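> starting from these lines, generate the structure:
(one chain, ligands or ions: 1)
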Amino acid sequence: MKILVTGGLGFIGSHTVVELLNLGHEVVIVDNLVNSKIEVLDKIEKITKIRPKFYQINLLNKEDLRKVFGENNFDSVIHFAGLKAVGESIEKPLEYYDNNLTGTLNLLKCMRESEVKKLVFSSSACVYGFPKSNPIDESAPCNKATNPYGMTKCFIEQILKDMYASDNSWDFTILRYFNPVGAHSSGLIGEDPNGIPNNLMPYILRVAEGKSEKLKIFGNDYETEDGTCIRDFIHVVDLARGHVKAIEHMTSENGGLHIYNLGTGKGTSVLELVNTFNNVNGDLVKFEFGDRRPGDVPVNFAKTDKAREELGFACEKTIEDMCKDSWNFSKHKK
Ligand code: UFG
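Model prediction:
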């Protein structure tokens with residue numbers, strides 16, 4: 001298949017590109033490099049021995065995007081490009097809505113013009129907001145995100161549902177990710193956020209690298225076994241494999257609009273993750289307990305039956321792998 005990957009040099013995008021290339025798909029990347037680096041293209045080439053065609057363009061510029069569609073005959077699109085920092089989205093809602101929604105609308109218009117009708121969209125478990133119970137299944141109430149970043153995911157999901165209702169020749173697969181961590185086993189690609197990170201694993205790595213003294217664990221008085229929040233951490237390579245499964249599932253027999261959780265189905269506490277990191281990599285991360293972070297969901301993990309039954313997708317990597325591979329990438333980066 002010839003696949004356009006937007007945001008293909010970002011964290012999840014780059015790992016997905018590697019998996020697609022390894023399976024013989026042809027990939028074209030568009031990325032504006034706002035939160036990624038051009039060197040990632042060299043790393044993808046080093047891992048796969050293939051250098052995908054790359055366009056540095058912003059999805060807000062529809063003419064540029066139209067040109068990409070004019071020059072290529074795509075079978076399908078995987079759409080990762082978007083701003084994703086929760087805190088920043090609260091400070092700059094207009095920028096987030098403009099970038100994520102307008103970028104997606106431009107992409108959909110170009111797809112329609114070129115009659116490319118298959119799209120895999122990168123959504124998030126944040127659409128569930130505060131879940132009533134766990135594990136969360138795909139039919140749980142959504143449109144519940146607690147910040148503008150998350151709301152952009154809710155709005156885009158709704159746009160896709162409305163488009164499908166108006167024209168069922170579209171094939172849309174919405175993937176709701178839980179908490180992606182880890183890195184490629186080569187150590188060449190991984191998560192490399194600009195500025196001071198606010199997600200857990202990038203922060204753990206910052207402490208392990210000696211750039212911050214201590215990790216603050218936000219809250220140890222939740223109603224969980226060790227008092228810290230519980231998340232469904234998923235290795236980014238497993239997540240990338242989930243995208244390949246999703247895109248390969250979009251055949252004429254399986255057309256339509258589908259929604260899948262991508263997680264392991266297993267809850268791991270923040271403290272367990274930090275302890276595992278220290279066990280597998282040496283005691284590198286000092287931590288202390290602090291106040292709860294406003295807006296945090298106490299417990300969040302996926303029901304994974306639908307992805308397993310329909311896509312044949314199951315995670316293979318352990319929490320140990322996630323911790324080892326994340327640190328291996330950090331060491332390579334230095
Ligand atoms: N945490 C700490 N200390 C830190 C950073 C995080 O204790 O320095 C804790 C948080 O309080 C939370 C857990 O680690 O309990 C995970 O926090 P993250 O910020 O890594 O992830 P969240 O689960 O809050 O958010 C993630 C994604 C969002 C997405 C959401 C959807 O980052 O983009 O999942 O479920 F919207």
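> can you give me the helices for this structure?
Here the chain has its helices, by DSSP state H, at 11-22, 39-48, 62-71, 86-91, 93-96, 103-114, 148-166, 200-208, 236-249, 270-281, 305-306, 319-333.
> deepest-packed of those helices, please.
helix 11-22 (a mean of 25; mean count of other C-beta atoms under 10 Å). No exception for glycine: its C-beta is placed from N, CA and C like everyone else's.
> if we can go back for a sec, who wins for proximity to residue 128 among the helices of the chain?
Distance to residue 128, taken as C-beta to C-beta, is lowest for helix 148-166 among these, at 9.4 Å.
> elements contacting the closest one?
helix 86-91, helix 93-96, helix 103-114, strand 118-124, strand 171-177, strand 257-262 (3 or more C-beta pairs under 8 Å, 6 or more residues apart in numbering; DSSP states H and E).
> surely residue 190 meets residue 331?
No - Residue 190 is beyond contact range of residue 331, at 10.3 Å (criterion: C-beta atoms under 8 Å).
> model confidence for residue 334, exactly?
On the pLDDT scale, residue 334 is placed at 61.
> one more: residue 36?
94.
> report the contact partners of the residue nearest to it when sequence neighbours are not counted.
Residue nearest to residue 36 in three dimensions, not counting chain neighbours: residue 9, with 4.0 Å by C-beta to C-beta, 6 or more residues apart in numbering. Residues near residue 9 by C-beta atoms under 8 Å, 6 or more residues apart in numbering: 29, 31, 33, 36-38, 40-41, 54.
> thinking again about what came up before, nearest to the ligand, of the helices of the chain?
Nearest to the ligand, of all the helices of the chain, is helix 200-208, at 3.6 Å by C-beta to the nearest ligand atom.
> what's in contact with the closest one?
Against helix 200-208 from outside (C-beta under 8 Å, 6+ apart): 179, 181-182, 191, 193, 196-197, 212-215, 231, 233, 270, 273-274, 277, 281, 284-287, 322, 326-327, 330.
> from the residues you listed, which are also near the ligand?
Contacts with the ligand within the contacts of helix 200-208, counted by C-beta under 6 Å from any ligand atom: 179, 215, 231, 270.
> what's the spacing between residue 187 and residue 150?
Applying C-beta to C-beta, to the nearest Å, the value for residue 187 to residue 150 is 31 Å.
> excluding covalently adjacent residues, which one is nearest to residue 218?
residue 293 (3.8 Å).
> now do residue 194
residue 35 (5.7 Å).
> how many residues are close by the one you found?
Residues near residue 35, counting by other C-beta atoms under 10 Å, number 19.
> so what's it up against?
Per C-beta under 8 Å, 6+ apart, neighbours of residue 35: 10, 83-84, 193-194.
> buried subset of the residues you listed?
10, 83-84, 193 (16 or more other C-beta atoms under 10 Å).
> between these, which sits nearest the ligand?
residue 84 (5.8 Å).
> now do the contacts for residue 258.
Contacts of residue 258 (C-beta under 8 Å, 6+ apart): 172-174, 246, 249, 310.
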